[in-house]
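S.K.: Got a predicted structure here, sequence first:
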Amino acid sequence: MKLSILKLRTLLNKKYSLFLLVTVLFWLKTYFTYVTQFNLGINNNMQKFLLFINPISSALLFFGIAMIFKGRLQFILMIIINFILSALLYANVVYYRFFTDFITAPNLLQTKNFGELGGSTKALMKPYDVLFFVDTIILILLIVFKVVKVKSKRVGSRAVLTIFACAIMTFIVNLSLAEADRPQLLSRTFDRNYLVKYLGAYNFTIYDIIQNTRSSAQRAFADSSDVNDVVNYTKANFAEPNKVYFGKAKGMNVMYISLESFQSFAINYKMPNGQEVTPFLNSLARGNDSTVYFSNFFHQTGQGKTSDAEFMMENSLYPLPQGSVFTTKARNTYEAMPQILKQKGYESAAFHGNTKSFWNRDEMYKSLGYDRFFDSKYYNMSPENTKNYGMKDKPFLKESISYIKNLHQPFYSKYILLSNHFPFGMDKEDTDFPEGDFGDSVVNKYFQSANYMDQAIEQFFNDLKKDGLFDKTVIVLYGDHYGISENHNPAMEKVLGKKITPFENAQLQRVPLFIHVPNIKGGENKTYGGDVDVRPTVMHLLGINSKDYVQFGSDLFSKEHHQIVPFRNGDFVTDKYTSVGGTLYDNATGTKVDKSLGKDADAIVKKQLELSDKVVYGDLLRFYKPKGFKNVNREAINYAIDQEKIPKRFLSK
């Protein structure tokens, strides 16, 4: 035994042994993580090979940096670099467990939000997660117990250059093989899964930082001529409003209600005992209360999730390919609904049972033109009224009524619900609805929190009726994004009673859209649409023609509505076809068809995403002002959080 330890000690103290050990351990750990933690869609032997080799170039490059130095500093840097890279890998694992996506540079600006996520983050962590740092621990133990001795000599510069050259050559070979299997990998907009699959998590992070640096520079180099192509495109693709609906809600109040994580599969779904999960929303889907239910409505959110949905609903622009507009472009010039309606005499207010800084809303809402922001400071945030993300839906909507009644009419308002959020657990005193029994605690609890939200909406509608607001208000209820990620597909297959293929997963991105308009005929509308279509739809209901505004959506009631729904990763759904990862499916059968059938739709999707990104990254709306529109004066907006500064009309209960 002593002889074996002595041999190991001798081996590890050879010139490059520790470097090679750390590199190999890190490489194998990363590969094992790829295989066990991520669903990267490996389809052939080339992709298997690339997945296996892509950590090598990153390991050589980063650990090679430590080899530049000598002695104790070399060892310390090796530990620090190993820990940082391991932490990045682990952060991606935790992030992927819920979002089935990878962390990007803009996400790092949102770290102030993470501390407020509480149990949601903890629910994503597993006891075995310590294994993601096992190589770091081994390295520390080898040095602490002096198995490896500190060397005072520096490694020769030729050796260091050789390490870097190997890193570069490995990456070039990796990239060349990736381009052969997936042409134009870096020049076209693909799902981040592709980039990680072909290049690796660490190389993707470097690429993402470079891309975001380039994007940040776009505003500095943009000028007024850049917006012309955008304006010409949106005007040329404008869908004329439907005369039957245009102006039907002129002068009415407007309410948007964000239904947290609510997907359309829950509408009309019954538990095994026959109970409806959302009986009230089901009644709205049948056309009760003059409500139109859009059953083929899809969320189009990116990494910003709820904030992306808000952004699209009010601006008819797409979210960014990385990060959230709310956290990275909050000071841009926008032509959002609150500011548009301000020219028509509307007072605007946002309601959210969380701190005003969460997702940078206090800054973004100013740029959108909200006059008032009722955040957690306005509510009774007692323990029984709150859960992980803030205030529970029932007390939130109940307490909001007193503020709503005192808004000047007509008003434009928005309410962000929170209860139906991952991990979906409910306090026992808040529900007697049974959990599901599908072998997955997250999926099981989803039905409880969805039912609770349904009850909160019914309560809110009744309160609006009691206070005389219901019959003079347009109410838009929308699912903001998916709630159940692909990681829970085995349980969801039990829920739906069918296999979840890539085609079926795209169909699961349906979220409900309800638009209540007093005195119109309600019922189901099967038009295909997405978040960007809501602003022109509501504007036309209010009798405001949206043609002069930059928008990438079109009126859902219009006979000229474009039934193409782009997703942020370049996939899309139309009324006939669904495109996922470059494969085209027939909606009627779910079978693969010739992708040339979706060629025109694919071109439109790429064009719209490209132009929208130019608008946001370049802040192009500062160069364009529609007739009669006044830009937001951010300096004139001050969201008071001190009760003494709240106007007296909001203090009367």
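M.R.: Sure thing, it's come through.
S.K.: how near is residue 592 to residue 327?
M.R.: With the distance defined as CB to CB, to the nearest Å, residue 592 ends up 38 Å from residue 327. In this view, the C-beta of every residue, glycine as well, is placed from N, C-alpha and C.
S.K.: next one: residue 373
M.R.: Here residue 373 is placed at a distance of 17 Å from residue 327 (CB to CB).
S.K.: With residue 350 instead?
M.R.: The value you get for residue 350 to residue 327, if CB to CB is used, is 17 Å.
S.K.: Now do the end-to-end distance for stretch 474-490.
M.R.: End-to-end distance of stretch 474-490 (CA to CA, to the nearest Å): 39 Å.
S.K.: Let me know the average pLDDT across that stretch.
M.R.: Stretch 474-490 comes out with an average pLDDT of 94.
S.K.: Same check on stretch 279-296?
M.R.: 96.
S.K.: Run the chain-centre distance for it.
M.R.: Here stretch 279-296 shows a centroid-to-chain-centroid distance of 26 Å under the convention CA atoms, centre = their mean, to the nearest Å.
S.K.: 43 is where my numbering starts, stick with that
M.R.: Got it, the first residue is 43 from now on, which makes the last one we talked about stretch 321-338.
S.K.: Report the buried residues of that stretch.
M.R.: For stretch 321-338, burial by neighbour count (16 or more other CB atoms under 10 Å) applies to 322-324, 326-327, 329, 331-338.
S.K.: What is the nearest of the residues you listed to residue 269?
M.R.: Minimum distance to residue 269 across those is 30.8 Å, recorded for residue 336 (CB to CB).
S.K.: how about the closest one, phi and psi?
M.R.: With angles defined as degrees, to the nearest 10, residue 336 sits at phi -90, psi 110.
S.K.: My reading is that residue 303 lies in a strand. Confirm?
M.R.: No. Using DSSP: H, G, I helix; E, B strand; the rest coil, the secondary structure at residue 303 is coil, not a strand.
S.K.: The spatially closest residue to it that is not a sequence neighbour in helix, strand or coil?
M.R.: Sequence neighbours aside, residue 525 is the residue nearest to residue 303 in space, at 3.0 Å (criterion: CB to CB, 6 or more residues apart in numbering). Following three-state DSSP, residue 525 is assigned to coil.
S.K.: Count the neighbours of residue 525 for me.
M.R.: 25 (other CB atoms under 10 Å).
S.K.: Please apply the same query to residue 223.
M.R.: 15.
S.K.: And the helix or strand containing residue 269, what does it pack against?
M.R.: Following DSSP states H and E, one finds residue 269 within helix 268-278. If you count contacts as 3 or more CB pairs under 8 Å, 6 or more residues apart in numbering; DSSP states H and E, helix 268-278 packs onto helix 641-660.
S.K.: Contacts for the helix it packs on next, please.
M.R.: 231, 257-258, 260-261, 263-264, 268-269, 271-272, 275, 359-360, 362-363, 367, 371, 374, 592, 594, 604, 606, 608, 610, 612, 614, 616, 619, 621, 662-663 (CB atoms under 8 Å, 6 or more residues apart in numbering).
S.K.: Try it again at 6 Å.
M.R.: The contact list for helix 641-660, computed with CB atoms under 6 Å, 6 or more residues apart in numbering, reads 257, 260-261, 264, 268, 272, 275, 359-360, 371, 594, 606, 608, 614, 616.
S.K.: who wins for neighbours among those residues?
M.R.: Neighbour max across the contacts of helix 641-660 (other CB under 10 Å) = residue 360, 29 neighbours.
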